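[1] Give me the fold of what follows.
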Amino acid sequence: MTNGDYIFLAFGILGIPSQNAIFWKKNQTDDKEAFLAFRSLLIIADSEGDHNGPQEVNWKVHAELKRRYNISQKIEEEDAEVPVKQYEIFSIIASTLERTRHYLDRMTVSDFVKECCNQSYNLTTRQVYVDQFGVLRSLIVAKRLGPSGLFESVITCNLVTGNVDLLETFNWFGLTTLPGEIDHCGLNGENCLTTREPELINIRIPIICIILVLLTALGTFFVRRMTLQNRLADLVLRDIRLEEPETYRMGSQPRVTKLLDQLERAGFYGETPVYVQEFSTNTGVQRVAQNLALVDGLVAVSRARHPFIAEFYGISFNRTSSSLVFERPLKGPLHSVIRANEMIYDFDVRMQIMNAMILALHFIHTSDLSYHGAFSNEVCLINDRYVLRVTHAGFLRLLNLFRDEDSFRSCCRTSADKAAIIEQYRGDDIRNLGVILADMFNIDPYVKKELQFESTNTIHRKIHEMVARCLESESHARPTATDLKRWLTTIRVPKKNFVELLLDRLEKHSASLEETVQSRTEALLDETRKVDDLLREILPSAIITKLRNHEPIIAEIFDSVTIMFSDIPAFGLIVAQSEPLEVIDFLNHLHTAFDRVVAQFDAYKVETINDSYVVASGLPVRNGNRHAMAICQLAQQLLRAGAAVHIPAWGSVTICPRIGINSGFIAAGVAGTRAPRYCLFGDTMNTASRMESHGAANKIHVSSSTYELVKEARSRTKDAELNHLVFKARGLVSIKGKGLVNTFWLSSSAANDQQMAV
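    As a prediction, the model looks like this:
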């Protein structure tokens, strides 16, 4: 390429590149190969780089500089042309002023500058042309490396006249003409197809790749659209049965969000209880299917699966409206369940509930749902397994897409705006979480900055501090859901799940209840024993058992029973000479002493009337013929017990009871329902009373029937105690209604102490 077959052109403005910037020598020695190569180079530039104007003008300018300002400057120096340029500029301005002097007063600076442009000027130094941009144009020069090794001007072009002149006899490597034009296929055949196939292939590959990318994007779009529409078809529900509004309530607390005012209906999807959100719009399935953003939102909400988040079942359409269907936990709102079961929902259980709420909120904030938007007590419900379920997750997002899609999108035109709205909703969720926890742990949200931590428990203090942060007025000061989840690791959250904690509380409650029941049962048994003891003073044990078992009480006939009557012969004198209270106190001591004795024998106290004391044996439980011996032995003990009772006002005077005993036929039964009494009827009772009334003080008067029963029992047994029963015949005694009967005195074999009879 150094033989002149090609011309190489270099373009420069203001002499750049110039011959001074091109070095064809190597180490200050001639390089013949480089010299020949640079001979094929033409540098196209204006003539300013080596033109300083006529020599006389240049000398005059420099002479004036020397004279006026004592500035010396060599003409061949690089900046020697600066004064000449300034002279040329002033000359152009002066020429324009001369030309426009007649209307100069009506011109603006802009008009004056326009007058300077698009004009040719024959200056003293040279002929120049100022173009429309105000650029000073002069001769265009083509320079070539000459035989001397310097670049010399060989061609000039006048921009004003358009003439091109050769400055020397043109010799191009011995030729008088320049090389011909480049072939139509180009320098390297790049313009011909046969030679450009590799290049075309290089061009086609990116184009094909772009087309494939576009087709892939379109295919993905349509496939995604078909997939979303198919998933929408899976979310369409039918046969939703709605309940009447009064048959359900989400809670008695005031509504905290306008969102939940729309929850007007509940119902069943199959056998599953659901909440149904109805819209009074003509939103049909076709319109929803055409809105990919809306379908995408429905699919995102349906995919939000978490142990503590209520499920979104789908969407239902009818002729007038569309409805969103959510899971409906049956136990009700969290605050109502806790207040109804304060004993079970203790601090540990509430901590587990707090843990569930934070995990649910963290899942919502980090998933495609981005925010809840209506987090409150009313959406935290308990299902029939006593597990927390946060309902209506993603509902606000779908509500915006359903009801005010254009407005919602207009406020989220940019990703920054959308992010700001999401952060606002998340901040509201965190604040509402703080309100729920403040209510659950009895923290007043209105004095959050002045909380007084009365409890020294570290966990209590951490919970109070976290609630205070959640309730900050500024959203940026509140923790995020991720911060709250990280905070859970710093406190001791019970490892057992919600149900296990509830079972523990139920077991503790059951154990406590068992202890309470046991203690109260023992108390009841004590009271029952007291009642039974009291009843046994009124009625026989067998009768009490029948009454308790609701068995009928039927009067009975007892063939052989022994009856004892006892009284105080001097009771009238005692009453006459004592105060009423003293009489009552005396009878209490006497009968109490007799009661202690009767309790030691197989006998039943029938009744007491004033000083009379009636005892029977052989009823209501039959004891064969032992009743006569039991009453006789009892009578002897009653004489001794009576002798031990004294009247305080009478000193050492003792009581001498009078006792009468008879055996025979008796009818017995319960009479009355209020204060019932076990009553005995028959002639045996009358005869026993006559034995007592015809007896003597401090003696036991026994009828012949009793005597015969004791005599018979003594003959059949060798009981030593019967030897103490000594009978002495009294003879014939006149008994009213009986005539003369044979009676006996009963005494002990032991000699009685001498006592003063009353």
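
[2] Listing request: residues of the stretch 401-550 of the chain with sub-threshold pLDDT.
    Scanning the stretch 401-550 of the chain for pLDDT under 70 picks out the ranges 401-414, 445-457, 497-498.

[3] likewise the stretch 151-300 of the chain?
    Applying pLDDT under 70 to the stretch 151-300 of the chain picks out residues 159-161, 167-170, 176-178, 183-184, 186-201, 228-229, 243-264, 279-287, 289-292.

[4] And the helices in it?
    193-235, 285-290, 292-303 (DSSP state H, counting those that start in this stretch).

[5] now the first one against helix 292-303, angle please.
    Relative orientation of helix 193-235 and helix 292-303, computed by axes from the mean of the first three to the mean of the last three CA atoms, to 10 degrees: 60 degrees.

[6] circling back: pipe the helices of the stretch 151-300 of the chain into a markdown table and attach distance to residue 664 and mean neighbour count per row.
    Using the backbone N, CA and C atoms, a C-beta is placed for each residue, glycine as well. Converted to a markdown table, the helices of the stretch 151-300 of the chain look like this (distance: least, CB to CB, whole Å; neighbours: other CB atoms under 10 Å):
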| stretch | distance to residue 664 | mean neighbour count |
| --- | --- | --- |
| helix 193-235 | 97 | 11 |
| helix 285-290 | 103 | 14 |
| helix 292-303 | 96 | 18 |
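
[7] Out of those, the one nearest residue 325 is which?
    helix 193-235 (9.1 Å; CB to CB).

[8] how far does the closest one sit from the chain's center?
    Centre-to-centre, helix 193-235 and its host chain are 47 Å apart (CA atoms, centre = their mean, to the nearest Å).

[9] All the strands of the stretch 251-400 of the chain, residue numbers only.
    Per DSSP state E, counting those that start in this stretch, the stretch 251-400 of the chain carries strands over the ranges 265-269, 272-279, 312-317, 322-327, 332-333, 380-382, 388-390.

[10] got the angle between the longest one and strand 322-327?
    By that I understand strand 272-279. Relative orientation of strand 272-279 and strand 322-327, computed by the same axes, to 10 degrees: 150 degrees.

[11] now strand 272-279, how far from the chain's geometric center?
    The answer for strand 272-279 is 22 Å, by CA atoms, centre = their mean.

[12] Same question for the fifth one.
    Centroid displacement of strand 332-333 relative to its chain, using CA atoms, centre = their mean, is 12 Å.

[13] helices or strands next to that strand in the packing?
    Packing partners of strand 332-333 (3 or more CB pairs under 8 Å, 6 or more residues apart in numbering; DSSP states H and E): strand 380-382.

[14] What distance do you get for the nearest residue to residue 113 once chain neighbours are set aside to residue 92?
    Sequence neighbours aside, residue 134 is the residue nearest to residue 113 in space, at 6.8 Å (criterion: CB to CB, 6 or more residues apart in numbering). Distance of residue 134 to residue 92, given as CB to CB, to the nearest Å: 10 Å.

[15] Please apply the same query to residue 37.
    For residue 37 relative to residue 92 (CB to CB), the value is 41 Å.

[16] again, but for residue 734
    Residue 734 sits 184 Å away from residue 92, taking CB to CB as the criterion.

[17] If I look at residue 375, what pLDDT would I see?
    Note on residue 375: pLDDT of 90.

[18] give me phi/psi at it?
    phi -70, psi 120 (degrees, to the nearest 10).

[19] Tell me, how many residues neighbour it?
    Residue 375: 29 surrounding residues under other CB atoms under 10 Å.

[20] Is it correct that it is in contact with residue 360?
    No: the pair residue 375 and residue 360 fails to qualify as a contact (CB atoms under 8 Å) at a distance of 9.2 Å.

[21] shared neighbours of those two, anything?
    Counting by CB atoms under 8 Å, 6 or more residues apart in numbering, the contacts common to residue 375 and residue 360 are residue 390.

[22] And residue 734 and residue 92? Which one has more around it.
    It is residue 92, of residue 734 and residue 92, that has more neighbours when counted by other CB under 10 Å, with 17 against 10.

[23] what's the closest non-adjacent residue to that one?
    Counting by CB to CB, 6+ apart, residue 92 lies nearest to residue 121, which is 5.4 Å off, once chain neighbours are set aside.

[24] Who are the packing partners of the strand or helix carrying that neighbour?
    Here residue 121 sits within strand 119-122, counting by DSSP states H and E. In terms of contacts (3+ CB pairs under 8 Å, 6+ apart), strand 119-122 is packed against helix 82-99, strand 127-130.

[25] now with 7 Å?
    Using 3 or more CB pairs under 7 Å, 6 or more residues apart in numbering; DSSP states H and E, the elements in contact with strand 119-122 are strand 127-130.

[26] and for the strand it packs on, what are the contacting residues?
    Counting contacts by CB atoms under 7 Å, 6 or more residues apart in numbering, the residues outside strand 127-130 that touch it are 88, 92, 116-117, 119-121, 136-138, 159-160.

[27] Go through those and name the one nearest residue 746.
    Checking those against residue 746 by CB to CB gives residue 117 as the nearest, at 167.4 Å.

[28] Return the residues in contact with the closest one.
    130-132, 134.

[29] Quick one: these as JSON lines, columns for neighbour count too.
    Formatted as JSON lines, the contacts of residue 117 follow (neighbours: other CB atoms under 10 Å):
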{"residue": "130", "neighbour count": "18"}
{"residue": "131", "neighbour count": "12"}
{"residue": "132", "neighbour count": "8"}
{"residue": "134", "neighbour count": "11"}
